[in-house]
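>>> Could you look at this predicted model? Sequence included:
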Amino acid sequence: MDFLRPGRPAILALLAGGLLAAGEPASGLAPAGPRIFCTPDTLCLPGGTPQAAEHPIARALEKAAPGTVIVLDPGTYQPFTIGFRSSSRANARTAGGRPGLPIVVQGRGEVRIAGAQGDTIAIDQAQRCGHITFRGLTIFAGERAGIMFYRQPADRPHVGFHFEDCDVLGRYDHLRAQGRKSKWGVWGHNLADFRFAGVSRPARVEGIQGEHGFYLQNPRGEIVIENVEGRFLGRTFCQFTARAAEGPPGTGAITIRNCRVEDVGVGAGDGYKGGSAFTFAGRLTGPILLERNVYHAGFRKDWRVLTTPGVPYGTGALAAWQGGEALPNASLTLRDNEFRFAPGCGDRPVVAIGGCREVKILGANRFQSGGGEPALALDPVDDAGRPLSPPNGAVRLAPTTHLEGAVTIGPRPATAAELSALAR
């Protein structure tokens with residue numbers, strides 16, 4: 001879809017030597033450099049005194065040079081945008097930092113970014129910008145997204161945006177079908193050098209009403225999602241696509257590591273069947289690695305009501321396929337993951353992989369079916385027995401893989417000889 005472009009002074013404690021206050025997140029702090037201090041309604045530039053400011057984060061970004069740390073005092077800040085061709089006071093017209101010397105927006109204490117009717121933080125490249133790191137923020141999802149990277153032409157990637165120890169929180173209660181509407185946690189197109197990670201503690205993405213925790217399209221460089229807890233999402237924890245209609249093939253490595261996810265795909269709008277937790281759909285030409293992730297579904301018994309009568313609760317843990325595109329995914333590696341469904345839960349294979357040039361299932365993965373569906377489906381088929389994607393290329397299934405449930409290849413169970421061949 002095509003997104004439209006958006007068109008009381010407080011006292012600050014300035015610390016000697018530009019150091020940050022005790023109790024401020026210490027992980028990954030930038031070297032001592034210029035500091036700009038903000039409260040929800042004031043701004044203090046280096047060497048200055050606090051001044052009243054509308055949208056102080058946007059104003060601080062405009063004043064910041066590469067290497068500047070913008071320190072946010074506790075409180076609730078208004079939504080803002082970066083890089084739009086807009087005269088709105090909410091918009092920061094900044095080039096950002098540069099490689100190895102980002103601008104850092106650092107929360108001190110409980111720093112919240114209020115939800116919006118549209119997006120809470122929205123980023124465009126009408127004015128080229130990049131290399132900005134956000135730390136220690138609680139971002140309440142807007143009705144559309146918590147973080148939105150607008151669609152760009154291929155030569156205008158969003159480069160160097162990092163989120164460390166940040167949470168994206170929807171406020172929708174799927175069990176009660178009430179709360180603030182939200183569509184996505186993070187929506188991004190044309191991302192390169194993107195990182196969303198828990199550094200000093202797990203980051204969180206949860207309570208999204210409509211769709212995905214992360215919906216990332218046509219990546220242009222490395223993407224890392226690490227040490228994130230995801231739960232209670234309308235559709236997937238993360239979905240990656242690279243559709244020809246939306247841009248060039250995806251490039252760069254995709255790494256998802258040490259994430260703990262549970263009970264996703266629970267949106268009523270999809271009949272509680274909003275896709276597998278980790279989904280990869282075609283034309284992703286960089287290597288994909290999932291390592292030491294956990295997905296559990298159905299172990300919270302009160303959540304099992306989120307299904308239609310006669311249909312098992314839950315969907316699948318991982319799906320990789322060609323997505324109807326002309327190019328397959330390049331390589332997919334699963335190492336030391338735990339994907340488990342409670343007894344009686346799950347309406348599709350726990351792990352379904354097709355349309356990949358190379359598949360490596362290594363280490364001590366554990367795939368546990370709820371009983372009715374395969375633990376692992378290679379070259380999966382639809383209900384009529386038709387392949388969902390062209391067949392995989394080389395497949396390696398380590399003998400240390402722990403499978404609780406059937407293994408299928410195409411429309412039939414794998415034979416002992418086939419499993420032995422895959423384990424070589």
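On my side now, so go ahead.
>>> only C-alpha atoms for contact and neighbour calcs from this point on.
OK.
>>> Could you list everything the residue nearest the centre of the chain pairs with in the sheet?
In the chain, the centroid-proximal residue (CA atoms, centre = their mean) is residue 214; its distance is 3.3 Å. Residues in a beta bridge with residue 214, per DSSP bridges, are residue 186, residue 238.
>>> Hmm, it is touching residue 183, no?
No: counting by CA atoms under 8 Å, residue 214 stays clear of residue 183, with 10.5 Å between them.
>>> What ranges does the stretch 251-400 of the chain have for its strands?
Along the stretch 251-400 of the chain, counting by DSSP state E, counting those that start in this stretch, strands occupy 254-257, 260-264, 278-281, 287-291, 294-297, 318-321, 329-335, 338-341, 351-353, 356-362, 366-368, 376-378, 394-397.
>>> Tell me what residue 179 is bridged to.
residue 172.
>>> Residue 112 - how many residues pack around it?
Neighbour count for residue 112, taken as other CA atoms under 10 Å: 22.
>>> one step back: next, format the strands of the stretch 251-400 of the chain as CSV and append mean neighbour count.
What follows is the strands of the stretch 251-400 of the chain, written out as CSV (neighbours: other CA atoms under 10 Å):
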stretch, mean neighbour count
strand 254-257, 21
strand 260-264, 26
strand 278-281, 23
strand 287-291, 19
strand 294-297, 24
strand 318-321, 24
strand 329-335, 22
strand 338-341, 24
strand 351-353, 25
strand 356-362, 21
strand 366-368, 23
strand 376-378, 25
strand 394-397, 17
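>>> can you redo those as a markdown table with mean pLDDT?
Below are the strands of the stretch 251-400 of the chain laid out as a markdown table (pLDDT from 0 to 100):
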| stretch | mean pLDDT |
| --- | --- |
| strand 254-257 | 98 |
| strand 260-264 | 97 |
| strand 278-281 | 98 |
| strand 287-291 | 98 |
| strand 294-297 | 98 |
| strand 318-321 | 98 |
| strand 329-335 | 97 |
| strand 338-341 | 98 |
| strand 351-353 | 98 |
| strand 356-362 | 98 |
| strand 366-368 | 98 |
| strand 376-378 | 98 |
| strand 394-397 | 98 |
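>>> out of these, nearest to residue 170?
strand 260-264 (13.3 Å; CA to CA).
>>> How far off centre is the closest one?
With CA atoms, centre = their mean, to the nearest Å as the basis, strand 260-264 stands 13 Å off its chain's centre.
>>> So for the residue nearest to residue 273 when sequence neighbours are not counted, what's the pLDDT?
Leaving aside its sequence neighbours, residue 273 sits nearest to residue 265 (CA to CA, 6 or more residues apart in numbering; 5.4 Å). The model reports residue 265 with a pLDDT of 97.
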